[in-house]
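K.L.:
after the sequence you'll find the predicted model.
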Amino acid sequence: MGGTKNKSDAANADAASGDAGAGANGAKKQKVAIPSGPIAQTPCARRVEAAMGAKTFKAIAWNIAGMRSFAEKHMEKLAGMIASEDPDCVCLEEHKLQASHVDAMTETLRKTFPQYKTVHFAVSTVKKGYSGVMVMCKASMVGKKGVQTSLDAMFGAKPKTESTETKTYDGPKLLAISEGLDGGYVDEGRVLTLEYESFYVVMAYVPNSGQDLKRLDYRIDEWERDMRAHLARLESKGKPVLYIGDLNVAHLDADIWNVGAPHIKKSAGTTPRERETFGVMLEKNAFVDAFRKFHTDATGWFSFWSQRAGNRPVNKGLRLDYTLASQSLFGESGLRVVDAFILDKVMGSDHAPVGMTLALPN
């Protein structure tokens, strides 16, 4: 979530009762009691069988709240998650690195995770120790002349040809990685768009509306508007889109542990404007919340818990991290989303990793 998340969610822990916040449509709710004990979680089984017999592509995003500290204290958590899930693409958000840190961290990642041939960082240039997203991809990136640019090239090894690379990784070819939204929004290092052969993956760390909602107008009137336009432009090129990351909004009542608390409507990520705007994006861009698609009535599934309030052990959280996809990816055959998940048992951050799996055409 970033920014003021600990302050606003510490207040969540203290709230005991009040009027419920607006639902997805902003309607006024009746008074709702605030749970006092641990929040129960309904079972949500992984959909492994849905991909049986098909090649797959899996993408995972995780807000790690500072990469240098994370690398020092929790790198084994990332290694464990990668060993268990074997994702094709991993996005780490809110890494907070400066450009001067990137080369050393890239080398560390290269040594730790040699299966990921492409690493790309987007960093904040307007504020030190702030924001930032990065990706690690198993696929080397195919340049315009058919030569693969990879970590091997960065560190002086002989470039690989396309035919050589396919012997080691037979997943979708990675054609390009771009920062920002169509040339803008590069300065805070919040967006990476990955173009694969038959789909796009947009990895994002959406701006927090901030303490006292100082950035709410910017978030709604500029960022959300331009992100919707970016997603629409990608789809207009004839490829479906995955939109994954810390989107800094809790869309539905079920995504907020204490939705009835009076401060909810005034807190970053849970204001009626943010929640309504998220719904507008889903409708106008024809996107699907993949986790909710597969687990419609799930409760107690969150991706962020306030560390300051000690909320994770009692599962008092918010679902701020999402796996969205074009509606066209929910068919019965061909390229399609077959699983979406929250890895809430993976520790190392105040957020949990989230991900989705595509079945690829045979």
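P.N.:
Alright, I've got the coordinates.

K.L.:
all strands for the stretch 51-200 of the chain, in order.
P.N.:
Under the criterion DSSP state E, counting those that start in this stretch, the stretch 51-200 of the chain carries strands at the ranges 56-63, 89-93, 118-122, 133-137, 141-142, 147-149, 160-161, 174-179, 191-196, 200-205.

K.L.:
just put these in a markdown table and tack on distance to residue 294.
P.N.:
Any C-beta I mention is one placed from the backbone N, CA and C, and that applies to glycine too. What follows is those, written out as a markdown table (distance: least, CB to CB, whole Å):
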| stretch | distance to residue 294 |
| --- | --- |
| strand 56-63 | 15 |
| strand 89-93 | 20 |
| strand 118-122 | 29 |
| strand 133-137 | 24 |
| strand 141-142 | 31 |
| strand 147-149 | 35 |
| strand 160-161 | 37 |
| strand 174-179 | 26 |
| strand 191-196 | 22 |
| strand 200-205 | 19 |
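
K.L.:
now, of these, which is deepest in the fold?
P.N.:
Ranked by average neighbour count under the criterion mean count of other CB atoms under 10 Å, the strands of the stretch 51-200 of the chain are headed by strand 89-93 at a mean of 27.

K.L.:
got the contact list for that strand?
P.N.:
Contact with strand 89-93 is made by 57-64, 67, 70, 78, 82, 116, 132-138, 192, 194, 201, 203-205, 244-246, as judged by CB atoms under 8 Å, 6 or more residues apart in numbering.

K.L.:
and the angle for it with strand 191-196?
P.N.:
For strand 89-93 against strand 191-196, the angle by axes from the mean of the first three to the mean of the last three CA atoms, to 10 degrees is 170 degrees.

K.L.:
what strands flank strand 89-93, and is each parallel or antiparallel?
P.N.:
Using DSSP bridges, strand 89-93 pairs in its sheet with strand 56-63 (parallel), strand 133-137 (antiparallel).

K.L.:
out of those, nearest to residue 311?
P.N.:
Comparing the strands paired with strand 89-93 against residue 311 with CB to CB, the closest turns out to be strand 56-63 (15.7 Å).

K.L.:
now the angle from the closest one to strand 200-205?
P.N.:
Using the same axes, to 10 degrees, strand 56-63 lies at 10 degrees relative to strand 200-205.

K.L.:
from the chain's centroid, how far away is strand 56-63?
P.N.:
Offset of strand 56-63 from its chain centre (CA atoms, centre = their mean, to the nearest Å): 8 Å.

K.L.:
so, low pLDDT: which residues of the stretch 151-300 of the chain?
P.N.:
Low-confidence segments of the stretch 151-300 of the chain (pLDDT under 70): 151-167.

K.L.:
one more time with 50
P.N.:
Along the stretch 151-300 of the chain, the model assigns pLDDT under 50 to residues 151-166.

K.L.:
show me the helices in it, by range?
P.N.:
All helices of the stretch 151-300 of the chain, identified by DSSP state H, counting those that start in this stretch, fall at 151-154, 162-165, 216-217, 225-236, 272-284, 290-294.

K.L.:
so which of the strands of the stretch 51-200 of the chain gets nearest residue 311?
P.N.:
Proximity to residue 311 (CB to CB) singles out strand 56-63 among those, at 15.7 Å.

K.L.:
who's in contact with the residue sitting nearest the centre point of the chain?
P.N.:
Centroid check for the chain by CA atoms, centre = their mean gives residue 245 as the closest residue, at 1.2 Å. Neighbour list for residue 245: 61, 63, 91, 93, 133, 202-206, 321-322 [criterion: CB under 8 Å, 6+ apart].

K.L.:
grab the nearest non-local neighbour of residue 57.
P.N.:
residue 358 (4.4 Å; CB to CB, 6 or more residues apart in numbering).

K.L.:
before we move on, which element is the one you found in?
P.N.:
For residue 358, the enclosing helix or strand under DSSP states H and E is strand 354-359.

K.L.:
residues in contact with that strand: which ones?
P.N.:
Outside strand 354-359, the residues that touch it by CB under 8 Å, 6+ apart are 47, 50-51, 54-62, 85, 87, 199, 242, 244, 290-291, 303, 321-323, 325, 329, 335-343.

K.L.:
and it, what's its mean pLDDT?
P.N.:
Taken as a whole, strand 354-359 carries a mean pLDDT of 98.

K.L.:
each with direction, which strands does it pair with?
P.N.:
With DSSP bridges as the test, strand 354-359 is paired with strand 56-63 (antiparallel), strand 336-342 (antiparallel).

K.L.:
now render those as CSV, adding mean pLDDT and distance to residue 352.
P.N.:
Formatted as CSV, the strands paired with strand 354-359 follow (pLDDT from 0 to 100; distance: least, CB to CB, whole Å):
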stretch, mean pLDDT, distance to residue 352
strand 56-63, 98, 7
strand 336-342, 98, 6
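
K.L.:
alright, I will stop here.
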